[in-house]
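Enquirer: Next comes the sequence, and after it the predicted model I'd like to discuss.
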Amino acid sequence: MSEHKAIKDYLNTVGEQIRWKRARASVLLELEQHLSDQRDAFADEGCDDAERMAVEEMGDPVMLGTQLDGIHRPKPQKCLLVLTILFAVVCAFLRVWLTADYCYLAINPLKTLLSVCLGCAALLGGYFLDYSFLARYGKKFYVGALIFGVLMLYCSPKVNNVSYYTRYVASFFPVVYAAWFYTCRNKGWLGIFSAVAGGIPLCLICLVAPSIWGALLLVIVGLVLFVVAAQKDWFSIGKGKTALVVAAGVISMAAAACGTALTSNRFLIRWENFLHPERDPLGHSYAAMMVKNVLSGSRWLGEGQLNSEFGSVPVEALLPNCETDFLLTTLIYKLGWIPFILLVTAFAVLLCWLAVRCIRQRSQFGKMVALSVLIPFCLRTIMGIALSLGHILTSVSFPFFVGNLQMVLDMGMVGLVLSVFRQDGIAQNTEGVLRKRLHFQLIDSEGLLISYK
């Protein structure tokens, strides 16, 4: 029998039993390592046909392959898929219903229906996607995202001096950075430098757009990834040193943020209006004051009633961007506080469910990808609620609820997270199954009997 032919034939037979192609390669690689170690052990004992003995010791390949197929299976995420689709459908219905009598502000039902269909396609596309390609081609994916981001800066139309589509591209930057970050692991101080340097071009694109919110999300996600890296010592320089780097980064960014805040009149004005909107009711705080006036006339259930000082002015004329940025405020006024609380609670349940699954994730890269999606979702949720209640620091849309294109992107991102959860089965440890097959004895250099079972 030719060299390694017995092991090769054994692996082929086992592989034929494993139906999940995504898991097959990694399982066979681990099995091959076990067989090679077993063969070498028999060879050290002086056995003439060590390879054949190693294969026979492992047992029937069909039975072993069946066992491995049983533990390496995709984990369907049906409940999360259904909950996501239901939430998207409810949000789309509310967008159309709440603005139906707003004349030129009314949201087009056909476009909304199309966005739901495209969103479901994006959700399922992300769900069945092999997210590991982001790790395998992390650098190429990063370079491609940079090129695309720069092109959008020059090709995208300008709306209020903002590159319109660049802000949507920037929503993917945390995932792009997570892929880049993963390529820097186990490279010591060079890896840390590369990880930090990789975030700078992405931030610059956000700032040029400009999308301050996009840059802020990228920085926050980067800090969280560094904290996780410090716990796992991904850069192989020691947990303490990595933690010091993270602490230094946090202090530096906090100092830079404080310095910018103290020297920027625009930021100071925005922060003052955030805290005390009543000081400039007809200027920068007009929207905040109108939101508060609308909310003051809202009820727990049912349509509200505006104060008498506004006479018969319709709410759509009183509240700016009532069909987009302040659509949640419109929901409160037209349907009441209880539907608003139910909607926010439903999305909070979805986020908590995803967060718990993310924490339990065994794949390092899978956890990084999930975090890079969930952190922006959580922050957008908080800021979107604050905006709808009249606390306006920046314009951030509530996930799924505002914008047809944004909903499609949101559903695609959730699909990517569910892809991570679905493929968590590939992180199952094959060791337990293989060890049940191993039962051989060796004599070490000290003459002691070693038994492997």
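Expert: Structure received.
Enquirer: which stretches of this protein have low pLDDT?
Expert: 1-4, 16-26, 62, 65, 67-74, 103-104, 250, 252-285, 307-317, 425-453 (pLDDT under 70).
Enquirer: Show me the strands in it, by range?
Expert: Assigned strands in the chain, in chain order: 158-159, 162-163, 440-443, 449-452 (criterion: DSSP state E).
Enquirer: The first one pairs with which strands, parallel or anti?
Expert: By that I understand strand 158-159. According to DSSP bridges, strand 158-159 forms sheet pairs with strand 162-163 (antiparallel).
Enquirer: Can you give the contact residues for the strand it pairs with?
Expert: Identification of contacts with strand 162-163 by Cβ atoms under 8 Å, 6 or more residues apart in numbering yields 152-153, 156-157, 208-211. C-beta here means a position set from N, CA and C on the backbone, and glycine is covered the same way.
Enquirer: Closest to L351 out of those?
Expert: S211 (22.5 Å; Cβ to Cβ).
Enquirer: Look up how far M413 lies from the closest one.
Expert: As judged by Cβ to Cβ, to the nearest Å, S211 and M413 stand 17 Å apart.
Enquirer: With adjacent residues omitted, what lies nearest to Q361?
Expert: Of all residues not flanking Q361 in the chain, K367 sits nearest, at 4.3 Å (Cβ to Cβ, 6 or more residues apart in numbering).
Enquirer: Among the contacts of strand 162-163, which lie within helices?
Expert: The helices, defined by DSSP state H, take in 152-153, 208 from these.
Enquirer: So which of these wins on neighbours?
Expert: Each of these was scored for neighbours by other Cβ atoms under 10 Å, and M152 scores highest at 19 neighbours.
Enquirer: Next up, the contacts around it.
Expert: 163, 165-166, 169.
Enquirer: ok, those residues vs E57, which is closest?
Expert: V169 (54.9 Å).
Enquirer: The closest one: neighbour count?
Expert: 24.
Enquirer: now it: how far from L153?
Expert: 9 Å.
Enquirer: what do the two both touch?
Expert: Common neighbours of V169 and L153, using Cβ under 8 Å, 6+ apart, are I205.
Enquirer: Please list all residues in contact with I7.
Expert: 32, 35-36, 39, 51, 54-55.
Enquirer: how about a cut-off of 7 Å?
Expert: Residues in contact with I7 (Cβ atoms under 7 Å, 6 or more residues apart in numbering) are 32, 35, 51, 55.
Enquirer: Kindly confirm whether my reading is correct that the second one touches R52.
Expert: To tie it back to what came earlier, the one meant is L35. No. In this structure, L35 is not within contact of R52 by Cβ atoms under 7 Å, at 11.0 Å.
Enquirer: Find the residue at the geometric middle of the chain.
Expert: Nearest residue to the geometric centre of the chain (Cα atoms, centre = their mean): V373, 1.9 Å.
Enquirer: right, and out of the contacts of M152, which lies closest to L83?
Expert: Using Cβ to Cβ, V169 comes nearest to L83 of these, at 27.5 Å.
Enquirer: Go ahead and confirm that closest one touches F148.
Expert: Yes. V169 is within contact range of F148, at 6.4 Å (criterion: Cβ under 7 Å).
Enquirer: Common neighbours of those two, please.
Expert: By Cβ under 7 Å, 6+ apart, no residue touches both V169 and F148.
Enquirer: burial count for the residue nearest to I338 when sequence neighbours are not counted?
Expert: What sits nearest to I338 in space, not counting adjacent residues and going by Cβ to Cβ, 6+ apart, is L301, at 5.1 Å. Applying other Cβ under 10 Å, we find 10 residues neighbouring L301.
Enquirer: Equivalent analysis for the one 3 residues further on, please.
Expert: Around G304 there are 18 other residues, counting by other Cβ under 10 Å.
Enquirer: Also K78?
Expert: Quick note: K78 (other Cβ under 10 Å) scores 8 neighbours.
Enquirer: Please give me every residue in contact with it.
Expert: For K78, the contact set (Cβ under 7 Å, 6+ apart) is empty.
Enquirer: switch the cut-off to 10 Å
Expert: L418 (Cβ atoms under 10 Å, 6 or more residues apart in numbering).
Enquirer: Roughly how far does it sit from T84?
Expert: From K78 over to T84 the distance is 11 Å, taken as Cβ to Cβ.
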